[in-house]
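Visitor: fold the following, please.
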Amino acid sequence: MQLQVFQALKVEYTESPTLKVSVDGQTKLSGFDLAQHDTFKGRRVTLPVSTIGYLPHIEVTDSTLLQNEQFEAIPIESFSQQQLFHYYELGFRTGTNDGNNVLTPKIYLDNNEQNQTFNIDTNLATHTTRIYFDALAYGYIPHVHNVASSSNDAEILWARPVALPPRFYRGVRTHAEFQITFKGDVTVQWYLDGTSIGTYNFSSTNTTTEKAYFPSGTIGHVLQYTHTNPASGGKIYIVETDVTLADLEQQAMRPQAEEG
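Guide: Next up is the predicted model:
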């Protein structure tokens, strides 16, 4: 039997059953009323932070309303390496924009809640977004949880934690400028070794690439950014600095090893 980190519960149900989830006899989610479904329909319910153990268990008010329940879990051994996390990439569904289908995701690292939380209220049926970890977020176990209610049918369909690429923290280096490929309205907050060094606003109705300059003396170990207004719908696709681009170019120029 393996010790596991339980991330979510997938169920199919009709009407609005009430869930209770326990792990090893300890209650993790209690009195959770699922949003009303008139026919059998699938739903992914994220579980609260620190849902860790061996044996999960579900209780419902009416078992005939629930079927095909399945826990999403990852063995604890998979989190043996400490990483510098950058953001969570989420695929989500909010349904109609009627005020009752708002996604309210919260992210954690080793049980510590991160600062960036927001509501996603959109008329798109499905969408993707990024939620950023705090600056210098070193840790082992990332987690995301959608704080939902009985009238809220929004759900996180999938979630992928992304670590900061090593080229952004390879020793003490001087960064002079950066370029960003984006669409919509985005606000980028830059950090150097955990300290804010500037906020930059960009806006474009089409996907475009722009350049901007760092303050004089941007010298340090770890350079990273956050997108501070992702609820606006703006998307950041690629961000590189003059130094990290040089790293990528040098890597591309290295001779490839012969296969044999």
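
Visitor: leaving out the residues flanking it, which one is nearest to the residue nearest to the spatial centre of the chain?
Guide: Centroid check for the chain by CA atoms, centre = their mean gives Tyr88 as the closest residue, at 2.1 Å. Closest residue to Tyr88 apart from its sequence neighbours, by CB to CB, 6 or more residues apart in numbering: Ile131 at 4.8 Å. C-beta coordinates here come from the backbone N, C-alpha and C atoms, glycine included.

Visitor: contacting residues for the one you found?
Guide: Ile131 makes contact with 87-88, 90, 105, 107, 114, 116-118, 144, 230, according to CB atoms under 8 Å, 6 or more residues apart in numbering.

Visitor: what helices or strands is the longest strand along the chain leaning on?
Guide: For the chain, the strand that runs over the most residues, judged by DSSP state E, is strand 195-213. Secondary structure elements in contact with strand 195-213, counted by 3 or more CB pairs under 8 Å, 6 or more residues apart in numbering; DSSP states H and E, are strand 177-192.

Visitor: which other helices and strands does the strand it packs on contact?
Guide: For strand 177-192, the helices and strands in contact under the criterion 3+ CB pairs under 8 Å, 6+ apart are strand 195-213, strand 223-227, strand 235-241, helix 242-253.

Visitor: let's see that with 7 Å instead.
Guide: Other helices and strands packing on strand 177-192, by 3 or more CB pairs under 7 Å, 6 or more residues apart in numbering; DSSP states H and E, are strand 195-213, strand 223-227, strand 235-241.

Visitor: re the thing from before, adjacent strands (with direction) for whichever helix or strand comes after the longest strand of the chain?
Guide: Elements were assigned by DSSP states H and E; along the chain past strand 195-213, the next helix or strand is strand 219-220. If you go by DSSP bridges, strand 219-220 pairs up with strand 173-174 (antiparallel).

Visitor: of the contacts of Ile131, which is the nearest to Ala154?
Guide: Pro105 (9.3 Å; CB to CB).

Visitor: so where's the stretch 151-260 of the chain shaky on pLDDT?
Guide: 151, 249-260 (pLDDT under 70).
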